[in-house]
Structures are given as structure tokens and as C-alpha cells.
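> Provided below are the primary sequence and the corresponding predicted coordinates.
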Amino acid sequence: MSYGRLLIRLFSVLLVISGGLWTLQGFGFVNWPEQSFMIEDRTWSLIGAFTVLIGFILMRVSRKP
């Protein structure tokens with residue numbers, strides 16, 4: 001595996017994790033950190049879901065030979 005694909009895969013995993021956190025904070029399921037401006041803000045739910053989608057697309061693209 002080339003270093004470029006490895007970096008893309010690592011970046012895509014980070015996108016999925018951070019996007020998932022943003023989505024859960026936006027819906028109010030995760031209240032960490034307590035002073036976060038994202039908690040129960042539906043805008044961050046949409047941004048997080050979009051970020052997760054981009055992460056999965058990048059993961060898929062990095063697998064192709």
C-alpha cells in the first residue's frame with residue numbers, strides 16, 4: 001500500500017470519528033465537553049452526518065487499486 005493511500009485512509013477514519021461525535025452532540029446524545037456550543041444544535045447534526053459520508057466515500061476510494 002502506498003503512503004498516499006495510507007494517509008487518505010487515516011484521514012477518512014478521522015473524518016468518520018469526528019463526524020460521528022458532531023452528529024451525536026448535535027442531537028444531544030453526547031454532552032462532552034460540557035461547554036460545547038454544538039450540543040443540541042441540529043446544524044451540527046447535519047454537518048456531522050455529511051462529514052461521516054465524506055469519510056466513508058474517501059475510505060471506499062482509497063481501497064480501489
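Received it, and whenever you're ready, just let me know what you need.

> In three-state terms, label the most centrally placed residue in the chain for me.
Closest to where the C-alpha atoms of the chain average out (C-alpha atoms, centre = their mean) is G19, at 2.4 Å. Here G19 is recorded as helix under DSSP: H, G, I helix; E, B strand; the rest coil.

> give the contact list for it.
G19 is in contact with I47, G48, A49, F50, T51, V52, L53, I54, G55, counting by C-beta atoms under 8 Å, 6 or more residues apart in numbering. The way it works is simple: take the backbone N, C-alpha and C, and place the C-beta from them, glycine included.

> Which neighbouring elements make contact with the helix or strand harbouring the first one?
In other words, I47. Using DSSP states H and E, I47 falls within helix 42-63. Here helix 42-63 touches helix 3-27, going by 3 or more C-beta pairs under 8 Å, 6 or more residues apart in numbering; DSSP states H and E.

> If any of the contacts of G19 are buried, give me the PyMOL selection for them.
In PyMOL syntax, the buried subset of those is picked out as below (16 or more other C-beta atoms under 10 Å):
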select buried, resi 47+48+51+52+55
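
> so which of the contacts of G19 comes closest to D41?
I47 (9.5 Å; C-beta to C-beta).

> Name the nearest residue to that closest one, ignoring sequence neighbours.
In this structure, I47 finds its nearest non-sequential neighbour in W22, 6.0 Å apart by C-beta to C-beta, 6 or more residues apart in numbering.
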